[in-house]
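1. Sequence first, then the predicted structure:
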Amino acid sequence: MQVSGATDEFKARGMERRALLQTMAALVATTASAWGHASNDWPNKPVNLVVPFPAGGGTDTFARPFSAQFAKVAGKTLVIDNRGGAGGTLGASIAAKAAPDGYNFFMGGTHHVIAPSVYPKLEYDLERDFVPLALLASVPQVLVVNPKNVPFNTVQELLADMRSKPGKYSYGSAGPGSSHHLAGELFKLQTKTNILHIPYKGAGPALQDLIAGNVDMVFDGLGSSAQHIKSGRIKALMVAGAQRNPAFPDVPSAAECGLPDYTVSTWYGLWAPKGTSEAAQQHMLDEVRKIGSSDDIKAAWAKNGAEYGKLNQQQFAAMVRAEIQRWAQVVKASGVKIDS
């Protein structure tokens, strides 16, 4: 009788455990179903995009049409949150701390793969605190000058004057450690010239001071300079790389100007804060693909001499890692140091 009682008790406990497991499984299934339904409704409220430079700069130049097209294809507003400062690292720090709820994203770029090598005390880690999603745009760097301050039509004429008058000229950048800054330092290294660096809180303010004549030149992404070049307010002397850009066929390449190794491009990408669900990532990637196929975006990118990214998520992540390593070598060779 004792054995039989123990067996009955064991069976009862087993039934209780199975009932509990079934209840838990049903709860998990209900929760998953609810999340699946909610994720299918994404976005059901405005989405926030941190742009780590002021309005008018290169990042903003591409973020604005991207935002407008997002509203068309996704049916919700993509809010541009401009957070300039510290060469784009202030905005990146803010974005890294944003809630990973599928409604916060970050538009960074070349500046942010340079930053780890020049800023010793970053409050974020690009690879640890973000999930790379997509390459949005890639444009060549361009040397633009104020035509009154620099009354030359060729890089060769400018270099001759620079070498005869060391320290005469200044160049503006989007901030210490930005691609504008490193492009200028690389130019100085390869041409053996001395140009004073004037940092700003973004490409927009730097370009405005260039137009005003307060700096002589800027090594800028073609996207943010394009409209000012076309208006004649600034002059383009050279695009980086071996080839001319189709949007500005009259501007010679660096190789044509005697600088075959001067290859610098400005690119812009999309990240999500670490912890953002794979479902939210995939929804955003779906919208990115739709946006890239739109005629409006194709026209906007072509006008600025840019290409829309064609890398998948894994390829973009690999590109980010490779760019961090590449720019670390440039920073080491240039000797650039930023204390804060």
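-> Received it, and whenever you're ready, just let me know what you need. Numbers count the residues shown, from 1 in each chain.
2. Just to check, His228 is in contact with Gly204?
-> No: applying CB atoms under 8 Å as the test, His228 and Gly204 come out as separate, 10.8 Å apart. In short, each C-beta sits where N, CA and C put it, glycine included.
3. between those two, who's got more neighbours?
-> Applying other CB atoms under 10 Å to His228 and Gly204 shows that Gly204 carries more neighbours, namely 22 against 19.
4. Give me the distance between that one and Gln227.
-> Distance, Gly204 to Gln227, using CB to CB, to the nearest Å: 12 Å.
5. Could you do Leu135 as well?
-> As judged by CB to CB, Leu135 and Gln227 stand 23 Å apart.
6. of those two, who's got more company?
-> For Leu135 versus Gln227, neighbours defined as other CB under 10 Å are more numerous around Leu135 (23 against 14).
7. Grab the nearest non-local neighbour of the more buried one.
-> Spatial nearest neighbour of Leu135, chain neighbours left out: Gly309 (2.9 Å); criterion: CB to CB, 6 or more residues apart in numbering.
8. Any idea how many residues pack against the one you found?
-> Quick note: Gly309 (other CB under 10 Å) scores 21 neighbours.
9. Wait, it touches Val139, no?
-> No: using CB under 8 Å, Gly309 is not in contact with Val139, being 11.5 Å away.
10. Now do the shared contacts for these two.
-> Trp267 (CB atoms under 8 Å, 6 or more residues apart in numbering).
11. now the helices for the stretch 1-150 of the chain?
-> For the stretch 1-150 of the chain, applying DSSP state H, counting those that start in this stretch gives helices covering 2-40, 58-74, 89-96, 110-118, 126-129.
12. worst average pLDDT in these?
-> Ranked by mean pLDDT, the helices of the stretch 1-150 of the chain end with helix 2-40 at the bottom, a mean of 48.
13. so what strands line up beside the longest strand seen in the chain?
-> Ranked by residue count under DSSP state E, the longest strand found in the chain is strand 130-145. Using DSSP bridges, the strands paired with strand 130-145 in its sheet are strand 217-221 (antiparallel), strand 235-239 (antiparallel), strand 265-273 (antiparallel), strand 307-308 (antiparallel).
14. So which of these is nearest Val251?
-> strand 235-239 (4.6 Å; CB to CB).
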